[in-house]
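K.L.:
turn this into a model:
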Amino acid sequence: MKANRTGRLVATYGMLISLAFIFSYLEAIIPIPIPIPGVKLGLANLVTIVGLYTVGVKGTVAVSLIRIVLVGCTFGNLFSMVYGLAGGALSLVLMILFRKANWFSQIGVSIIGGIGHNIGQLTVAALVTETAGVFYYLPFLMAAGVVAGGVIGLLGGLVTERIRKFVGKMPK
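P.N.:
Reported below is the predicted structural model:
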């Protein structure tokens, strides 16, 4: 019985990592026609928000970390990986806290994650460039984070409801 559960966990995490990687690839090849640097839909965050509500915190942290490192090595460089880790880490911490507090719906948690991701990346940019001028983009990126987070949260809620019966009771 334990071997079956372990196999199920490995298969689920492998599927989530694969989906997040594919979504990241799609975002890398399909540009968004918005003239603000750093704006993207965050398709891979769909996997993160679904993971938080199905496989729990530990699995979602592992999937997110593996995805960011794989994407950085495949489509980016060391700097893109650092930016991705900073944005992803702040986003994930905020989503975990707000998910546990149960203050918002899945859409609200996703919006918090979108905004947190942008703040994390801007903070690294300010440290790298040694200027606070990059925070000029903050209002634009926050608006984009709200819109993208809302869309991803809405889709995440739909996906979560549909796959919950297949994922079953996973460890939190």
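K.L.:
buried residues of stretch 113-133, list them for me.
P.N.:
Using 16 or more other CB atoms under 10 Å as the test for burial, stretch 113-133 gives 113-125. In short, each C-beta sits where N, CA and C put it, glycine included.
K.L.:
taking the centroid of the protein, which residue is nearest it?
P.N.:
residue 45 (3.1 Å; CA atoms, centre = their mean).
K.L.:
that residue touches residue 115, doesn't it?
P.N.:
No: using CB atoms under 8 Å, residue 45 makes no contact with residue 115, being 11.7 Å away.
K.L.:
which neighbours do those two share?
P.N.:
residue 149 (CB atoms under 8 Å, 6 or more residues apart in numbering).
K.L.:
circling back: for the residue nearest to the centre of the chain, give its distance to residue 55.
P.N.:
15 Å (CB to CB, to the nearest Å).
K.L.:
what's the answer for residue 63, then?
P.N.:
8 Å.
K.L.:
overlap in contacts, these two.
P.N.:
13, 16.
K.L.:
put the alpha carbons of stretch 88-98 into CSV.
P.N.:
The C-alpha trace of stretch 88-98 is given here as CSV (Å, rounded to 0.1, in the frame of the first residue of the first chain):
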residue,chain,number,x,y,z
GLY,A,88,8.8,32.7,-7.0
ALA,A,89,9.9,32.5,-3.3
LEU,A,90,8.1,35.7,-2.2
SER,A,91,5.1,34.8,-4.3
LEU,A,92,5.0,31.3,-2.8
VAL,A,93,5.5,32.4,0.8
LEU,A,94,2.7,34.9,0.5
MET,A,95,0.3,32.4,-1.1
ILE,A,96,1.1,29.9,1.6
LEU,A,97,0.4,32.4,4.3
PHE,A,98,-2.8,33.7,2.8
